[in-house]
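This is the structure alone, sequence omitted:
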């Protein structure tokens, strides 16, 4: 069996970590060198990455559309139940507005009649308050 006490020594753990790091660097360097030789390799990699992001975007868009459809469907179902009360409310409001407008027209007509009557009364008062002209008033005053 393998003696695990060897891995308990900090020096051995550090050497293993350095070895793994060096192997990773060497592997990445070879991969980058191969990519540098093959010009289409970078393009293919970018294309694959773009496809992956596009698919992720399509999935999120699809989820958003589904959520929207569910929300719209729920809203439609909710509004189907409120159609009659809504219509009644609109009709009641329309009748209220019509009654208010009729009252306004009637009151305006009343104001016009009162205004005309007031003008007539004012003319009568003016005629009564002013002295009447006679043929004597038209004679010259300097005689």
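Looks like it arrived, so ask away. Nothing here was measured: the structure is a model prediction, and the numbers come from that model.

Next secondary structure after the helix or strand hosting residue 33?
In this structure, residue 33 sits in helix 10-37 according to DSSP states H and E. Helices and strands here follow DSSP H and E; after helix 10-37, the next one along the chain is helix 39-81.

re earlier: for the helix holding residue 33, packing partners?
Packing contacts for helix 10-37, counted by 3 or more CB pairs under 8 Å, 6 or more residues apart in numbering; DSSP states H and E, involve helix 39-81. To be clear about C-beta, it is placed using only N, CA and C from the backbone, and glycine gets the same treatment.

when you compare where the helix it packs on runs with where helix 10-37 runs, what's the angle?
100 degrees (axes from the mean of the first three to the mean of the last three CA atoms, to 10 degrees).

State the next helix or strand along the chain beyond helix 39-81.
The first helix or strand that comes after helix 39-81 along the chain, using DSSP H and E, is helix 83-129.

Run the chain-centre distance for that next one.
40 Å (CA atoms, centre = their mean, to the nearest Å).

What helices and strands are in contact with that helix?
Helix 83-129 is packed against no helix or strand, with contacts defined by 3+ CB pairs under 8 Å, 6+ apart.

ok so, going back, show the average pLDDT along the helix holding residue 33.
Regarding helix 10-37, the rounded mean pLDDT is 89.

Same question for stretch 114-124.
Averaging pLDDT along stretch 114-124 yields 81.

start the count at 13, not 1, going forward
Got it, first residue is 13 now, which makes that one stretch 126-136.

ok, residue 35 to residue 112 distance?
Distance, residue 35 to residue 112, using CB to CB, to the nearest Å: 88 Å.

and residue 65, how many neighbours?
When counting by other CB atoms under 10 Å, one arrives at 10 neighbours for residue 65.

oh, I was asking about residue 47
Neighbours of residue 47 (other CB under 10 Å): 14.

ditto for the one 3 residues further on
The criterion is other CB under 10 Å. On that basis, residue 50 has 10 neighbouring residues.
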